[in-house]
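Chemist: All I have is the shape, not the residue letters:
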């Protein structure tokens, strides 16, 4: 299973209010979710880059 499929397992239920969000160093729960989605999007870009590198190496 691709690792990227597990990424939304926390932000989606947290955004829907089904999971609690600890704020930690962030000012609000919205900031935590915003950072989570940015990190997920950045990590999701690694998959196609690795596929391309493996394909044309």
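Modeler: Yep, that arrived. None of these values were measured; they are calculated from a predicted model. Numbering: from 1, shown residues only.

Chemist: okay, CA-based contacts and neighbour counts for the rest of this
Modeler: Fine.

Chemist: List the buried residues in the helix or strand of the chain with the lowest mean pLDDT.
Modeler: Among the helical and strand segments of the chain, the one scoring lowest on mean pLDDT, DSSP states H and E is helix 11-16, with a mean of 80. Across helix 11-16, burial judged by 16 or more other Cα atoms under 10 Å covers 11, 14.

Chemist: same thing with stretch 33-42?
Modeler: Here stretch 33-42 shows 33, 36, 37, 40 as buried, counting by 16+ other Cα under 10 Å.

Chemist: Then stretch 15-28?
Modeler: Here stretch 15-28 shows residue 21 as buried, counting by 16+ other Cα under 10 Å.

Chemist: So for this structure, the centremost residue is which one?
Modeler: Nearest to the mean C-alpha position of the chain, counting by Cα atoms, centre = their mean, stands residue 40 at 2.3 Å.

Chemist: All set, thanks.
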